[in-house]
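Chemist: Got a predicted model here, sequence first, then my questions.
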There are 2 protein chains.
Amino acid sequence: MPYIPLNEKLPGITGLLDYRKDTALPIRELTQILLRGASTLTEGERELIATVVSHGNDCKFCTAAHTAATDVLLDDENVTIKVKADIDTAPVSNKMKALLKIAKAVGKNGKLVTEDMVNNAREEGATDMELHDTILIAALFSLYNRYVDGLASVTPTDPAFYDRLGNILKDKGYLPSANRYADL
Amino acid sequence: MPYIPLNEKLPGITGLLDYRKDTALPIRELTQILLRGASTLTEGERELIATVVSHGNDCKFCTAAHTAATDVLLDDENVTIKVKADIDTAPVSNKMKALLKIAKAVGKNGKLVTEDMVNNAREEGATDMELHDTILIAALFSLYNRYVDGLASVTPTDPAFYDRLGNILKDKGYLPSANRYADL
């Protein structure tokens, strides 16, 4: 049971963003810019960063939601499974491996990002902005993971729920919209 | 040295918020609402939450900046020193002690917030919104701490720098403004 009264039809982050809409708006806007705005990283790659951070922070709702969004954007369920098991052997580019390791470290503590990790990402072709955005996405999902778990919001157990949510995140993005969760 | 090229005149978070202004704006707006908007917690109490989270996450820049902001808002340097040393014996209300312990836990991981911690805060008079805001402030500063340290931004060693920054945060808040850092 959540620690504060939330709309029972809106589990996980969805009920929290509904509870206080004035704080939800800038959180949604930041997420939209970082995960759906112009970038040299694909939307699937950016959702993968969100997935790895949430998984590293053991936030089950966020991990399942962004796994589903990544899967539908990549049209492949194999990548998230492999990345969550072992970044080094997962079927992603060397640049993404380097960025995902940085993101996972940030989710724990920013100080865990070493110069070697950054140099490795650069050698694999990562740009300043890709490094910046990877670290800010990881920091943002560190916020989400703590918001969701800190208030003990509900984590649905039906996998179909996350499939529906992943499709909403792909089709509608993160900004508020009328009837956003009509199909949830 | 920061991992990406930042304005050398803007250390810590200030250079990061200058580096990518489109992502900085919603971060600033969220902070302004939570730390300066209408609330039953004072501005000093909310800066104290930011301080405790940053201290728990060992982010030296954020800790020094929000310690300075708290000190100037409370007009007392004793509270932050005592709270960082031991929440239980610090000169704050029992409600604040309970909320600060929740905030510190959230900075590590949301799952560390227990029902007992929440019940204790309620018994000391905390409302739903105070619980929500404490946890979201802690989650937001978990973002800031990771953004600042993940990109290895510069941490000034001169205490006078943080006194100046604390006064800027008190007088100007968090929204963008012209010549915001003229006195930094």
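Modeler: Received, thanks.
Chemist: tell me the strands in chain A, going along the chain?
Modeler: Ranges of strands within chain A: none, based on DSSP state E.
Chemist: Low-confidence regions, it specifically.
Modeler: Scanning chain A for pLDDT under 70 picks out no residues.
Chemist: for it, what's the longest helix?
Modeler: Counting by DSSP state H, the longest helix found in chain A is helix A:128-150.
Chemist: buried sites along that one?
Modeler: For helix A:128-150, the neighbour count (16 or more other Cβ atoms under 10 Å in any protein chain shown) marks A:130-150 as buried. C-beta coordinates here come from the backbone N, C-alpha and C atoms, glycine included.
Chemist: out of those residues, who's near chain B?
Modeler: Among those, proximity to chain B is found for A:131-133, A:135-136, A:138-140, A:142-150 (Cβ under 8 Å from any Cβ of the partner chain).
Chemist: Tell me where chain A has helices.
Modeler: If DSSP H is used as the criterion, the helices of chain A fall at A:12-19, A:21-36, A:43-56, A:60-74, A:78-85, A:94-108, A:115-123, A:128-150, A:159-172.
Chemist: Now tabulate the ones you listed in CSV and tack on distance to residue B:84.
Modeler: Converted to CSV, those look like this (distance: least, Cβ to Cβ, whole Å):
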stretch, distance to residue B:84
helix A:12-19, 29
helix A:21-36, 26
helix A:43-56, 27
helix A:60-74, 30
helix A:78-85, 36
helix A:94-108, 22
helix A:115-123, 29
helix A:128-150, 20
helix A:159-172, 39
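Chemist: List the contacts of the closest residue to residue A:169 other than its chain neighbours.
Modeler: The shortest distance from residue A:169 to any non-neighbouring residue, by Cβ to Cβ, 6 or more residues apart in numbering or on different chains, is to residue A:69 (4.2 Å). Residue A:69 makes contact with A:47, A:50, A:165-166, A:169-170, according to Cβ atoms under 8 Å, 6 or more residues apart in numbering or on different chains.
Chemist: likewise residue A:61?
Modeler: If a contact means Cβ under 8 Å, 6+ apart, then residue A:61 has A:11-13, A:148-149, A:153, A:155-156 as its contacts.
Chemist: Once you drop chain neighbours, what's closest to it?
Modeler: Nearest to residue A:61 is residue A:12, by Cβ to Cβ, 6+ apart, at 3.8 Å.
Chemist: so how far is residue A:151 from that neighbour?
Modeler: Here the criterion is Cβ to Cβ, to the nearest Å. By it, residue A:12 lies 10 Å from residue A:151.
Chemist: circling back to that earlier point, could you report the separation of the residue nearest to residue A:169 from residue A:147?
Modeler: For residue A:69, the distance to residue A:147 (Cβ to Cβ) stands at 18 Å.
Chemist: Quick check: the gap between residue A:155 and residue B:135.
Modeler: 16 Å.
Chemist: Over to residue A:38?
Modeler: In terms of Cβ to Cβ, residue A:38 sits 32 Å off from residue B:135.
Chemist: Could you do residue A:106 as well?
Modeler: For residue A:106, the distance to residue B:135 equals 20 Å [Cβ to Cβ].
Chemist: Then residue A:91?
Modeler: In terms of Cβ to Cβ, residue A:91 sits 37 Å off from residue B:135.
Chemist: same deal with residue A:62?
Modeler: 15 Å.
Chemist: can you check residue A:24 too?
Modeler: For residue A:24, the distance to residue B:135 - Cβ to Cβ - is 14 Å.
Chemist: Residue A:21 too?
Modeler: Noted for residue A:21: a distance of 17 Å to residue B:135, by Cβ to Cβ.
Chemist: Please apply the same query to residue A:116.
Modeler: Counting by Cβ to Cβ, the gap between residue A:116 and residue B:135 amounts to 34 Å.
Chemist: same question, residue A:75
Modeler: With Cβ to Cβ as the criterion, residue A:75 and residue B:135 are 36 Å apart.
Chemist: got the contact list for the most centrally placed residue in chain A?
Modeler: Centroid-nearest residue in chain A: residue A:50, 2.4 Å away (criterion: Cα atoms, centre = their mean). Residues counted as contacts of residue A:50 (Cβ under 8 Å, 6+ apart) are A:35, A:62, A:66, A:69-70, A:137, A:141.
Chemist: is it true that residue A:1 touches residue A:152?
Modeler: Yes - look at residue A:1 against residue A:152 with Cβ atoms under 8 Å: they come within range, at 6.8 Å.
Chemist: With neighbour numbers in mind, choose between those two.
Modeler: Set residue A:1 next to residue A:152 and count neighbours by other Cβ atoms under 10 Å in any protein chain shown: residue A:152 wins out with 19 against 9.
Chemist: And that one, how far from residue B:171?
Modeler: For residue A:152, the distance to residue B:171 equals 37 Å [Cβ to Cβ].
Chemist: Brilliant, that's me finished.
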